[in-house]
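> Sequence first, predicted model second:
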Amino acid sequence: MLEINQLEKRFGQTQVLTSIDLRVKRGELVFVIGPSGSGKSTMLRCCNRLEEPTSGTILLDGAHVTACHGRALDAMRLKIGMVFQGFHLYPHKTVLANVMLAQVHALGRSKPQAEARAMDMLTRVGLAHKAQAMPGALSGGQQQRVAIARALALDPKVMLFDEPTSALDPELVGSVLAVMKQLRDEGMTMVVVSHEMGFAREAADRVVFMDGGVVVEEGPPDAIFGNPQSDRLRAFLSRLNQSAA
Ligand code: ADP
Ligand code: MG
């Protein structure tokens with residue numbers, strides 16, 4: 001579904017990504033871990049060209065993301081749902097309006113169509129009863145679930161999550177992970193950058209470890225966490241365990 005080939009990204013003289021190859025099958029959940037500054041966000045942002053790759057190709061369901069321009073690029077971007085650490089909801093619009101907006105303006109759906117789809121997606125994330133609320137009246141976990149509903153309403157082929165629970169109080173993390181788990185069980189193709197290792201063990205098909213802009217190691221969660229091969233991954237995991245203890 002998503003194919004990254006020999007992706008390179010430089011900012012000026014700084015090499016941030018080197019020869020990244022990643023293939024995500026339909027319905028697969030690929031989990032990406034790595035220290036801060038290892039290039040995880042840049043890789044996700046290159047997938048929908050929020051960052052322009054320096055070289056390499058990215059394909060979504062067989063179509064070249066990297067060769068798109070103008071309207072074709074806009075259309076391609078809509079097929080790639082993004083959820084960030086901050087939720088970026090419009091504070092002066094209701095939850096329902098937030099989930100409708102891009103459907104109307106980017107996909108050209110009628111308001112009744114967009115509203116029906118928005119209510120379906122809010123139901124899916126357990127927030128239909130909050131449709132008329134303002135985002136500020138919701139908890140961070142609820143706001144993030146609205147952001148997920150907004151992305152889903154555009155019928156993406158893949159969902160990319162960049163540290164979706166990092167800004168949340170610990171007691172709110174579970175509700176967001178539960179929605180992500182449910183999406184996975186329903187067959188959504190997902191790439192998740194996160195430090196929630198328990199979730200990775202439970203829900204990931206594959207874990208990719210990045211360090212210094214390269215993929216150092218990848219494999220099933222049991223192998224990555226239980227039998228890490230590289231010194232860099234072992235060091236990363238032991239630092240995580242120390243900070244959790
Ligand atoms: P991660 O998400 O793994 O923490 P990032 O992808 O955010 O890592 O960053 C990778 C590296 O790229 C960092 O060294 C960061 O400073 C650098 N970087 C990210 N964005 C820019 C930018 N717009 N200009 C220059 N350097 C950047
Ligand atoms: Mg990041």
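Perfect, I can see it now. Ligands and ions are numbered 1, 2, ... in the order given.
> which residues touch the residue minimising distance to the centre of the chain?
In the chain, the C-alpha nearest the mean C-alpha coordinate belongs to Phe161, at 1.6 Å (CA atoms, centre = their mean). Counting by CB atoms under 8 Å, 6 or more residues apart in numbering, Phe161 touches Met82, Val83, Met180, Met190, Val191, Val192, Val193, Ser194. Using the backbone N, CA and C atoms, a C-beta is placed for each residue, glycine as well.
> In three-state terms, label it for me.
Assigned with DSSP: H, G, I helix; E, B strand; the rest coil, Phe161 falls in the strand class.
> go on, the one 10 residues further on?
For Glu171, the secondary-structure state derived from three-state DSSP is helix.
> what about Met76, how many residues close to it?
A count of nearby residues for Met76, using other CB atoms under 10 Å, gives 22.
> cool, Lys40 as well?
Neighbours of Lys40 (other CB under 10 Å): 22.
> Check the gap between it and ligand 1 for me.
From Lys40 over to ligand 1 the distance is 3 Å, taken as CB to the nearest ligand atom, to the nearest Å.
> who in the chain is up against ligand 1?
Residues of the chain lying near ligand 1 by CB under 6 Å from any ligand atom: Phe11, Thr14, Val16, Gly34, Ser36, Gly37, Ser38, Gly39, Lys40, Ser41, Thr42.
> Within its sheet, name the partner strands of the helix or strand where the third one lies and how each one runs.
Which is Val16. According to DSSP states H and E, Val16 maps onto strand 14-24. Within its sheet, and counting by DSSP bridges, strand 14-24 is paired with strand 2-11 (antiparallel).
> about what we covered before: any buried residues in the strand holding Val16, and which?
Under the neighbour-count criterion of 16 or more other CB atoms under 10 Å, strand 14-24 has Val16, Leu17, Ile20, Leu22, Val24 buried.
> next helix or strand past it?
strand 29-33.
> coming back round to it: can you flag the buried ones in the residues of the chain next to ligand 1?
The neighbour count (16+ other CB under 10 Å) marks Val16, Gly34, Ser38, Gly39, Lys40, Ser41, Thr42 as buried among the residues of the chain next to ligand 1.
> Which ones among the residues you listed lie within strands?
Assigned to strands by DSSP state E, the following of these qualify: Val16.
> Out of the buried ones among the residues of the chain next to ligand 1, which is nearest to Glu115?
When these are compared for distance to Glu115 (CB to CB), Ser41 wins out at 32.8 Å.
> low-scoring stretches of the chain, by residue?
Scanning the chain for pLDDT under 70 picks out the ranges 244-245.
> Spell out the residue ranges of the strands in it.
Under DSSP E, the chain gives strands at 2-11, 14-24, 29-33, 55-60, 63-64, 80-83, 158-162, 190-193, 206-211, 214-219.
> quick one, the longest one and strand 29-33 angle?
For strand 14-24 and strand 29-33, the angle between their directions (axes from the mean of the first three to the mean of the last three CA atoms, to 10 degrees) works out to 160 degrees.
> Enumerate every residue touching the residue lying closest to Pro53 once chain neighbours are set aside.
In space, and not counting its chain neighbours, Pro53 is closest to Cys46: 4.8 Å by CB to CB, 6 or more residues apart in numbering. Counting by CB under 8 Å, 6+ apart, Cys46 touches Ile4, Leu7, Lys9, Leu17, Glu52, Pro53, Ile58.
> Looking at these, spot the one nearest Asp211.
Within the contacts of Cys46, proximity to Asp211 (CB to CB) peaks at Leu17, which comes in at 11.8 Å.
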